[in-house]
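Peer 1: Sequence first, then the predicted structure:
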Amino acid sequence: MAFQDLLNRVGNMGRFQILQIAFLLICNVMLAPQTVLENFTAAIPGHRCWVHILDNDTASDIDSGVLSQDDLLRISIPLDSNSRPDRCRRFVQPQWHFLHLNGTFSNVTEPDTEPCEDGWVYERSTFLSTTVTEWDLVCGSQVLGSVSKFIFMIGNLIGPFLGGHLSDRWLPESARWLIVTNKPQKGLQELRKAARMNGMKNSEDTLTMEVVRTTMREELEAAQIKPALCDLFRTPNLRRRIFLLCLLRFTIAIPIFGFGLHLQHLKSNVFLMQCLTAASSIPASFAAMFLLNHIGRRISQFFFSFLLGISILAIVSASEEMQILRGVLITLTGASTYAVLSGNNLHINELIPTVIRARALGVIGIANNVGVALTPLFMILAMYSASLPWIIYGVFSFLGGLVPLLLPETKNQPLPDSIQDVEDEWKGSRQAKEEGAIIKVTSF
């Protein structure tokens, strides 16, 4: 906790820190919309096959004044399992006799159908044009929409490798990083700058090189040993911790991004639902902070993840006619995703030792992005069952709620600075359990 002592001298949460947070928020505001953009640009509107007698303006086969559009649709397009016009097939020939059956089909041989050979007609009351209507990414080609999202998410997986080397540091360097990388003078300058911005008077006198070196002595000694990527897996407790954190981010990324990427598939007003889920982020974040600080990190994440899984399964169980109930459930799901992310991010950062946190977060981020990239591929299963992808998302939510229970609680615990701190914590916890077991035995 040596560097924490220096932060106390410059002000824990003042103008300097607030400006840093504001700059990061600007970055997130520009980046976050890209995740949900395809709910609008790649929306799948209602559609049916193009048929000659309905959609050819020059058709003169029938007198349009005699038959209604519903009649023409009835003889041209078969019904699906839900007794609605099929989206992907049409009759080979118009079925004129359907006009005289009065709803009785039992004695009629099922007529031949064919795919939409001449294209589709799209419902354009909500979206005038999307990438789906532009390139006919429906029916047999609908899988290409999921593949394009998969390719986009692969960019998220590759980006951190490239961005880490190419990005310029437009935010001030971390004072701690400067000090432990043998640039104490620059680190001292950053600390004094933060103190001045936070209104801490006499910072020149209280923050000196001697104070920095004395306060950071243990961290400077630990920094002489440069941690490598393989050090994440060299010791047993840290190795186990990294594995569980990777599993946690992989499992929880699938339902969170599955919900965000495919909100349009929930058959509700996507504009309204997007606004409601975004608005729910504010109370969800406050609720997450309250529970994380009062009942701990592990139980809170368990609760948030199970709430997310239950709400996802409840959405697909609710009838499409129950739009108000579905809207409430979708809003609850959106709030749960923000709460889960808040808990995950806090718990992960508190479990990783400072000296190797950047590398550890990189490895955990890769596991997260693998889950994100796989998310669109599950939606391909909707071709067989509309509920199947959402059931999978719900199951992964439950799994993501169980993983934190295998990790140590970090509420009111000091942050580990070194790998040895993690190993000592594990040994101390194990020794305490053994002593407790001995006490229980000897008490009898």
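Peer 2: Received, thanks.
Peer 1: Doesn't Val121 belong to a strand?
Peer 2: Yes: assessed by DSSP: H, G, I helix; E, B strand; the rest coil, Val121 belongs to a strand.
Peer 1: start the count at 119, not 1, going forward
Peer 2: From this message on, residue numbering opens at 119, which makes the last subject Val239.
Peer 1: just checking, it touches Trp168?
Peer 2: Yes: the pair formed by Val239 and Trp168 meets the contact definition of CB atoms under 8 Å, at 5.3 Å. For glycine as for every other residue, the C-beta is placed from the backbone atoms N, C-alpha and C.
Peer 1: Point out where the stretch 119-268 of the chain drops to low pLDDT.
Peer 2: 119-120, 122, 175-184, 219-227 (pLDDT under 70).
Peer 1: which residues of it fall in helices?
Peer 2: For the stretch 119-268 of the chain, applying DSSP state H, counting those that start in this stretch gives helices covering 120-128, 133-149, 151-154, 156-159, 170-173, 187-194, 249-253, 261-284.
Peer 1: Redo those as TSV? Include distance to Asn467 and mean neighbour count.
Peer 2: As requested, the helices of the stretch 119-268 of the chain are arranged in TSV below (distance: least, CB to CB, whole Å; neighbours: other CB atoms under 10 Å):
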stretch	distance to Asn467	mean neighbour count
helix 120-128	14	17
helix 133-149	14	12
helix 151-154	22	14
helix 156-159	30	17
helix 170-173	58	16
helix 187-194	57	16
helix 249-253	38	16
helix 261-284	17	14
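Peer 1: mind putting the ones you listed in CSV, distance to Ser201 included?
Peer 2: As requested, the helices of the stretch 119-268 of the chain are exported to CSV (distance: least, CB to CB, whole Å):
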stretch, distance to Ser201
helix 120-128, 66
helix 133-149, 44
helix 151-154, 33
helix 156-159, 28
helix 170-173, 19
helix 187-194, 12
helix 249-253, 24
helix 261-284, 26
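Peer 1: can you count the residues close to Thr369?
Peer 2: 22 (other CB atoms under 10 Å).
Peer 1: Can you give me the distance of it to Gln419?
Peer 2: 11 Å (CB to CB, to the nearest Å).
Peer 1: Spit out the residues that contact the two alike.
Peer 2: Common contacts of Thr369 and Gln419 (CB atoms under 8 Å, 6 or more residues apart in numbering): Gly518.
Peer 1: what mean pLDDT does the top helix by length along the chain have?
Peer 2: Secondary structure of the chain per DSSP state H: the longest helix is helix 441-469. The average of the pLDDT scores along helix 441-469 is 91.
Peer 1: Can you tell me which helices and strands it packs against?
Peer 2: For helix 441-469, the elements it packs on are helix 354-379, helix 388-397, helix 399-412, helix 415-435, helix 475-496, judged by 3 or more CB pairs under 8 Å, 6 or more residues apart in numbering; DSSP states H and E.
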